[in-house]
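1. model this:
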Amino acid sequence: MAGAKTNKLELIQLDKFESVTGKGVKAIYKDEKIGLGNHRILEDFEVSLDDKNKKIVEEWQLAGQTVMYLVLKNTVEGIVSVADKIKESSASAIKDLQNMGIKVHMLTGDNQFTAKSVASELNLDGFQAECMPEEKYKFVKDLQDKGHVVAMAGDGINDAPALEQANVGIAMGTGTDIAMQSAEITLVKGDLNGIVRARELSHKVMRNIKQNLFFAFFYNAIGVPVAAGVLFPFFGILLSPMIAAAAMSFSSVSVISNALRLRRT
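-> Got it, this is the predicted structure:
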């Protein structure tokens, strides 16, 4: 839309428009059906490619590109190839996660060739191609049934069921609203390094909680009996209310100060 406006192209009013999850989009204009999407769109329109175009498409897919088809009047009128350059930050984030002992799998609606190319470049532990939303959900559920704790990262409508099912759903801030609503964590910048930082922070938070519980227990285990006069029969020691109150305040200050250290992480 933005590109059309920039190039001063006229935007026509469609009679009907439909977004088909896992396939693409369909529209009707002047009683003519139009489709744009992956190979499943071809199946819906009951059309196929000739041998020449099949070979071209296969070459694009082997190069790791995503192929889309424009169908008009039950004829393939155009083939579009797009490719996202893999961010260096994504590759480093995946490597860091694997170094932590985490297995990284990719679930994608792309074809087998494209998925294999990307998975190979990123050295992933596994991948599943041509996934519909319910298949992504099932993949996550199957891992959980085997006793695994699963974190799922995604940015699209197709990812929403899997994000909601995962133990930890991670949405990209650059993605769709439904993905963000289905997730527990949103990475504002859409940088996968945020997953690494989130995991490191979660470990620090849990360690901090345990430290604070120890401090609170230690102070109370010693302070409460002393304040109650347990030492008086043996040593004649009694705590004045002012000293007891100060000791209790010091206990709270130490716990809060320890928690505030997390702000520097």
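
2. From here on, just use CA atoms for contacts and neighbour counts.
-> OK.

3. ok, now how distant is Ile102 from Ile195?
-> 12 Å (CA to CA, to the nearest Å).

4. Also Phe17?
-> Counting by CA to CA - Phe17 and Ile195 are separated by 36 Å.

5. Neighbour count for Ile102 and Ile195, which is higher?
-> In this view Ile102 and Ile195 are compared by other CA atoms under 10 Å, and Ile195 has more residues nearby, 21 against 14.

6. give me the element the more buried one is part of.
-> Applying DSSP states H and E as the criterion places Ile195 in helix 193-227.

7. all strands for the protein, in order.
-> For the chain, strands defined by DSSP state E occupy the ranges 16-20, 24-29, 32-37, 66-72, 75-82, 105-107, 126-128, 151-154, 168-172, 185-187.

8. Counting by contacts, list what the longest one packs against.
-> If contacts are counted by 3 or more CA pairs under 8 Å, 6 or more residues apart in numbering; DSSP states H and E, strand 75-82 sits against strand 66-72.

9. what's the spacing between the strand it packs on and its chain's center?
-> 27 Å (CA atoms, centre = their mean, to the nearest Å).

10. Stretch 191-200 now?
-> 10 Å.

11. Likewise for stretch 229-239?
-> 58 Å.

12. Other residues contacting that stretch?
-> 226-227 (CA atoms under 8 Å, 6 or more residues apart in numbering).

13. Endpoint to endpoint, that stretch covers what distance?
-> Using CA to CA, the end-to-end distance of stretch 229-239 comes out at 8 Å.

14. Quick one: the strands of the chain as CSV, columns for mean pLDDT too.
-> Shown next, in CSV, are the strands of the chain (pLDDT from 0 to 100):
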stretch, mean pLDDT
strand 16-20, 89
strand 24-29, 91
strand 32-37, 92
strand 66-72, 91
strand 75-82, 91
strand 105-107, 95
strand 126-128, 94
strand 151-154, 93
strand 168-172, 92
strand 185-187, 88
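
15. Now render those as TSV, adding mean neighbour count.
-> Shown next, in TSV, are those (neighbours: other CA atoms under 10 Å):
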stretch	mean neighbour count
strand 16-20	13
strand 24-29	16
strand 32-37	20
strand 66-72	20
strand 75-82	14
strand 105-107	18
strand 126-128	16
strand 151-154	22
strand 168-172	24
strand 185-187	20
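
16. so who does the residue nearest in space to the middle of the chain touch?
-> Geometric centre of the chain, nearest residue: Ala153, 1.8 Å, by CA atoms, centre = their mean. Ala153 sits next to 163, 169-172 when contact means CA under 8 Å, 6+ apart.

17. out of those residues, who's nearest Leu70?
-> Met172 (28.3 Å; CA to CA).

18. State the distance from that closest one to Asp125.
-> 22 Å.

19. what does Asp84 give?
-> On the measure of CA to CA, Asp84 and Asp125 end up 21 Å apart.

20. more crowded one of these two?
-> Asp125 (13 against 8).

21. My understanding was that that one contacts His105; is that so?
-> Yes. Under the criterion of CA atoms under 8 Å, Asp125 makes contact with His105 at 5.7 Å.

22. if we can go back for a sec, mind putting the contacts of Ala153 in CSV, distance to Ser117 included?
-> Shown next, in CSV, are these (distance: CA to CA, whole Å):
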residue, distance to Ser117
Leu163, 24
Gly169, 26
Ile170, 24
Ala171, 24
Met172, 23
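
23. between the residues you listed, which is nearest Val140?
-> Leu163 (8.8 Å).

24. That closest one: what's it in contact with?
-> 137, 152-154, 169-171, 179, 182-183.
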